[in-house]
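Trainee: got a sequence here, can you model it:
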Amino acid sequence: MKVLLVDDSATVLSVYTDLLQKHGYEVLPASTASEALEIAKEHQPEIGIIDYAMPDGNGDELIHKLHQNPRTQGVVCAMHSQHPEVVDQALAAGAIELISKDDTFERFILRVNAMKRLVGAWVLQREMNDLVLPSSHDDAFRILFVDDSATIREVYYSLLTTHGYEVILAEDKHSALKLAQQTRPQLAILDYYLPDGTGVELARELRTLEGAGDPLTLIYTSRSESKSLKGTGLDVLYKEDSDDMIVHRLDSIKRYVLAEGQMIHASRLTALGEMSSMIAHEINQPMMVISTVLDRIRRLSSKPDFLPEQLSKPLDQAASAVIKANETIRHMRSYSYQDNEIPSNRWFEPL
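Mentor: Have a look, this model is predicted:
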């Protein structure tokens, strides 16, 4: 898990970077607020630990800026300061707590681990929402339109928004890839010639780009240039086509994409039902064992000749059932963690 660590003291950065790395965190150090913003935009950390006083602004201002940017608004932040009086500013800016610089290293790591568990819980919640809800979070159908001509971008922005599409504009490969991750378009229309590559190259990168949603892609080019696209497997939108023809074609693609999304949604609901049934069975079995064991212990302990040694076997049975339930829960929770460290469940620790 990535941690953005911000402090203008090189010593503090070095000490806490080493500490976090020893506990399995990937650390992104920054010594100024402006540097931290750039690093956060590029690497998108899950956690931010931010000093209050910095040369180019206070920590609460940095947290506010992080949460205003779509690429960094999900960073879970804590203020790191030896001044408890800044807690109000920190919380008002969006920090979840104040970590004192007077804390021991052990307590510091405990607090960061708590933030990690919070991030994991949010990830699990998002994944469950994505499983149950359709993949599109609103009614907009997003089109990423990439062309290095400002005039062409403006013309097609006007045309497509008039017909109800949400249009994201980009002028080159680099900006298109970043915008795709931020907006997850359902369709990408790509000019063949771009300043930093070709539309074909961009289409291939979009297919494998994490977080971009794998949009359908069309290469926007002339009929004469389309010969060079043979063998690429990419569909073409011709520049010579009329506006009506282009809109009709995009409407057909939209219907296909939405229908496919509904089919995926239906299959997800079916899978969720099957998974819920399986989980209920896996949890119910050890719970029944534990209930039976407790009843047996209650009956044994009520006898006048009761001996503590008689509890050994039923307690072993209960412990085995708890371990089985704990393993089931750990397997469930493992889906919400990207690294190998999966926190144990506090309610079902093995005896």
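
Trainee: now do the SS call for residue 190.
Mentor: strand (DSSP: H, G, I helix; E, B strand; the rest coil).

Trainee: who's it bridged to?
Mentor: Residue 190 has these beta-bridge partners by DSSP bridges: residue 146, residue 219.

Trainee: can you pull the phi/psi pair for the closest residue to residue 238 other than its chain neighbours?
Mentor: In this structure, residue 238 finds its nearest non-sequential neighbour in residue 223, 5.5 Å apart by C-beta to C-beta, 6 or more residues apart in numbering. Quick note: C-beta positions are derived from backbone N, CA and C, even for glycine. Taking degrees, to the nearest 10, you get phi -60, psi -40 for the backbone angles of residue 223.

Trainee: residue 70 - that's part of a strand, no?
Mentor: No: assessed by three-state DSSP, residue 70 does not belong to a strand; its assignment is coil.

Trainee: low-confidence ranges in the stretch 1-150 of the chain?
Mentor: 121-139 (pLDDT under 70).

Trainee: change it to 90
Mentor: 53, 55, 57-58, 64, 67-76, 81-100, 102-103, 107, 110-111, 113-141 (pLDDT under 90).

Trainee: could you pull out the helices for it?
Mentor: Secondary structure of the stretch 1-150 of the chain (DSSP state H, counting those that start in this stretch): helices located at 10-22, 33-43, 59-68, 87-93, 105-132, 150-162.

Trainee: nearest to residue 311, out of the ones you listed?
Mentor: Closest approach to residue 311 among the helices of the stretch 1-150 of the chain is made by helix 105-132 (34.2 Å; C-beta to C-beta).

Trainee: picking that back up, ok, which of the helices of the stretch 1-150 of the chain comes nearest residue 302?
Mentor: Once the helices of the stretch 1-150 of the chain are compared by C-beta to C-beta, helix 105-132 is nearest, at 41.2 Å.

Trainee: dump the helices of the stretch 1-150 of the chain into CSV; add distance to residue 300 and mean neighbour count as well.
Mentor: As requested, the helices of the stretch 1-150 of the chain are arranged in CSV below (distance: least, C-beta to C-beta, whole Å; neighbours: other C-beta atoms under 10 Å):
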stretch, distance to residue 300, mean neighbour count
helix 10-22, 48, 14
helix 33-43, 59, 18
helix 59-68, 58, 20
helix 87-93, 53, 17
helix 105-132, 39, 15
helix 150-162, 75, 14
